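Q: Requesting a structural model of the entry that follows:
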Amino acid sequence: MKKKASIIMLMLVLLVIPFGQIASASESMLENTPTVAAATGPITDLTYFSRSETDMTLRWTPAQGALMIYFEQRQVGSSSWVRSNTKDWLWPNATYTIITGLTANTLYEFRMVVLGGPNAGISNTVTLKTDINLILKSITAGNFFDWNPGDGTIYSDLTYGPKASNKYDLYIPTNASKTDDIGVILNLHGGSWTSGDKADDAPHLKRYAQNGYITASMNYTLAGGTNGGTIAMMMDEIEACIAALKQELLNRGYNVTRLALAGYSAGGHLASLFAYSRTEDSALPIKLVIDSAGPADFNIDSWYPLMPDFVVAGYVSMLTGQTVTVNQMLNGEAAELIKSISPAQQVTSNSPPTVVAYGAYDQLVGQGNYQKLVAALQQAGVDFESILYPYSDHVLGNDPDKVLEHQNTVLYYLNTYLAPIPTPISNF
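A: Residues are numbered from 1 along each chain as shown. Just a heads-up that it's a prediction; the model follows:
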């Protein structure tokens, strides 16, 4: 039970915003989101906004002159539609609703019926899946993985700099080669840049090590508060940690010649941003990026409709250390600042191969982030693989088949770009 409790706390820390705040924030954001009148004909923009285990929030542009609106639903595979239960009374000019009384982890179809007015008729149908409980999600996301005795050794709290936060953990598998040229994985934890710890992703780090790869996980100066870190500071700390990690492994007799940067959420953002914009500063050539649910672009449209404009402006201000307003973001005045912290805008043809994973139901990192990063990698001709979890949110735990696909894909890329290279035998 202690392990389950710790996993639950871990997942809450990893999220950008705690679950408890999402529902109330979502309702407030929906109520204050401006909408435009729908064109003549049935509503065609009914779409998903957020969900829980038993609720689903949908949004649409308002129907013109409607006398009444209501929702119908059915489980996928059923031929019969039934009237949906909604949390509140549906006014004819409503723009969102919360459908209640649903079954967890179940695939539904929803549609809106409009009576009266130029938009009378049946809307488009959306197919959506309710969430699953956090413990099951953590299990299916791979967060209960552990290694066996003899798989390797963990060295904790090694130092890479003068600050108390400048520490990293090192996972060395028993079978790590001391005769070949090898690579190392450096992981960066999530937590909205303001929280989290290097041990948060321990199950995944152990999985890398069990597959024969030396892995490290670092802490960095967190953002927030008067002495909070900025992206520039975090980038410098990543650089310092790579140099210290290389020297530590050389001192231990390992010939480390290559690096993969990995991270989840905010850690995925930091890993990809450093790899795409600071690779020349790395003491080890960066050969691979493993980015899971990392923010990739800080333009406002990349976060719509999940985050209101002022929240995105707040992210940019916090991460750059400069006050940035919504108007400055919209009129282009803050374009260079936005670019400086946006991995998708730093991609070039020389960027390292990348494995990205995002959830189609992510309620924290807008889908625009995934779309812009994939588009940038495609346009630059980078070797990459993108895995979209069709029923998962930020935790990436509702699609066991995609979890397995992601693990196999990462292992394939590690074997391609970080596998040991035999050292030539000298004749002398």
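Q: what's residue 233 sitting at in phi/psi?
A: Residue 233 adopts backbone torsions of phi -70, psi -40, taken as degrees, to the nearest 10.
Q: quick one: contacts for it?
A: Under the criterion of C-beta atoms under 8 Å, 6 or more residues apart in numbering, the neighbours of residue 233 are 220, 221. In short, each C-beta sits where N, CA and C put it, glycine included.
Q: pLDDT wise, what is residue 141 at?
A: pLDDT for residue 141: 87.
Q: That one and residue 264, how far apart?
A: Residue 141 sits 10 Å away from residue 264, going by C-beta to C-beta, to the nearest Å.
Q: for residue 59, same thing?
A: Taking C-beta to C-beta as the measure, residue 59 falls 28 Å from residue 264.
Q: ditto for residue 386
A: 16 Å.
Q: what ranges do the strands span in the stretch 51-200 of the chain?
A: Assigned by DSSP state E, counting those that start in this stretch, the strands in the stretch 51-200 of the chain fall at 56-59, 68-75, 82-83, 85-86, 96-100, 107-115, 121-122, 126-129, 152-159, 167-173, 180-188.
Q: What of the stretch 201-350 of the chain?
A: Taking DSSP E, counting those that start in this stretch as the criterion, the stretch 201-350 of the chain contains strands spanning 214-218, 255-264, 286-292.
Q: before we move on, the earlier item: now render the strands of the stretch 51-200 of the chain as JSON lines, adding mean pLDDT.
A: Shown next, in JSON lines, are the strands of the stretch 51-200 of the chain (pLDDT from 0 to 100):
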{"stretch": "strand 56-59", "mean pLDDT": "95"}
{"stretch": "strand 68-75", "mean pLDDT": "98"}
{"stretch": "strand 82-83", "mean pLDDT": "98"}
{"stretch": "strand 85-86", "mean pLDDT": "97"}
{"stretch": "strand 96-100", "mean pLDDT": "97"}
{"stretch": "strand 107-115", "mean pLDDT": "97"}
{"stretch": "strand 121-122", "mean pLDDT": "96"}
{"stretch": "strand 126-129", "mean pLDDT": "95"}
{"stretch": "strand 152-159", "mean pLDDT": "97"}
{"stretch": "strand 167-173", "mean pLDDT": "97"}
{"stretch": "strand 180-188", "mean pLDDT": "97"}
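Q: For residue 291, give me its contacts.
A: Residue 291 makes contact with 262, 263, 268, 269, 271, 272, 343, 354, 355, 356, 357, 373 under the criterion C-beta under 8 Å, 6+ apart.
Q: can you rerun that using 10 Å?
A: Contacts for residue 291 (C-beta atoms under 10 Å, 6 or more residues apart in numbering) come out as 261-265, 267-273, 275, 343, 354-358, 373, 384, 386.
Q: The closest residue to residue 183 other than its chain neighbours: how many residues sit nearby?
A: Nearest-residue entry for residue 183: residue 418, 3.3 Å, with adjacent residues in sequence omitted and distances by C-beta to C-beta, 6 or more residues apart in numbering. By the measure other C-beta atoms under 10 Å, the count of residues near residue 418 is 22.
Q: cool, and residue 156?
A: Burial of residue 156 is recorded as 12 neighbouring residues (other C-beta under 10 Å).
Q: Could you report the separation of it from residue 221?
A: 19 Å.
Q: circling back: now do the same contact list for the residue nearest to residue 183.
A: By C-beta under 10 Å, 6+ apart, residue 418 lies in contact with 182-185, 208, 212-214, 257-260, 287-288.
Q: Quickly check those for the two that are furthest apart.
A: 208 and 257 (17.4 Å; C-beta to C-beta).
Q: Tell me which of these two has more neighbours.
A: Between residue 208 and residue 257, counted using other C-beta under 10 Å, residue 208 has the larger neighbour count: 24 against 18.
Q: nearest residue to the more buried one other than its sequence neighbours?
A: residue 215 (4.4 Å).
Q: Can you identify the element that follows the one helix or strand residue 356 maps to toward the C-terminus?
A: Assigned by DSSP states H and E, residue 356 belongs to strand 354-359. Proceeding N to C from strand 354-359, the next assigned helix or strand is helix 367-380, under DSSP H and E.
Q: Next, the buried residues of that following helix.
A: By 16 or more other C-beta atoms under 10 Å, the buried positions in helix 367-380 come out as 367, 368, 369, 370, 371, 372, 373, 374, 376, 377.
Q: who's in contact with the fifth one?
A: The contact partners of residue 371, by C-beta under 10 Å, 6+ apart, come to 296, 297, 302, 344, 358, 386.
Q: Pick out whichever of the residues you listed sits closest to residue 42.
A: residue 302 (29.6 Å).
Q: Return the distance of that closest one relative to residue 216.
A: Counting by C-beta to C-beta - residue 302 and residue 216 are separated by 30 Å.
Q: and the residue nearest to residue 208, how many residues sit next to it?
A: Residues lying near residue 215 (other C-beta under 10 Å) number 27.
Q: Find me the pLDDT at it, would you?
A: Note for residue 215: predicted pLDDT of 98.
Q: likewise the one 3 residues further on?
A: We note a pLDDT of 98 for residue 218 in this prediction.
Q: surely residue 415 meets residue 212?
A: Yes - the pair residue 415 / residue 212 is scored as a contact, 9.3 Å apart, by C-beta atoms under 10 Å.
Q: Which one of the two is surrounded by more residues?
A: Neighbours per residue (other C-beta under 10 Å) separate residue 415 from residue 212, with residue 212 holding more: 20 against 13.
Q: backbone phi and psi for the more buried one, please?
A: Here is the backbone geometry of residue 212 (degrees, to the nearest 10): phi 100, psi 10.
Q: residue contacts, it?
A: Taking C-beta under 10 Å, 6+ apart, one finds 151-152, 173-177, 182, 411, 414-415, 418-420 in contact with residue 212.
Q: try it again with 8 Å
A: For residue 212, the contacting residues are 173, 175, 176, by C-beta under 8 Å, 6+ apart.
Q: Please, which helix or strand holds residue 405?
A: Element membership of residue 405, judged by DSSP H and E, is helix 400-417.
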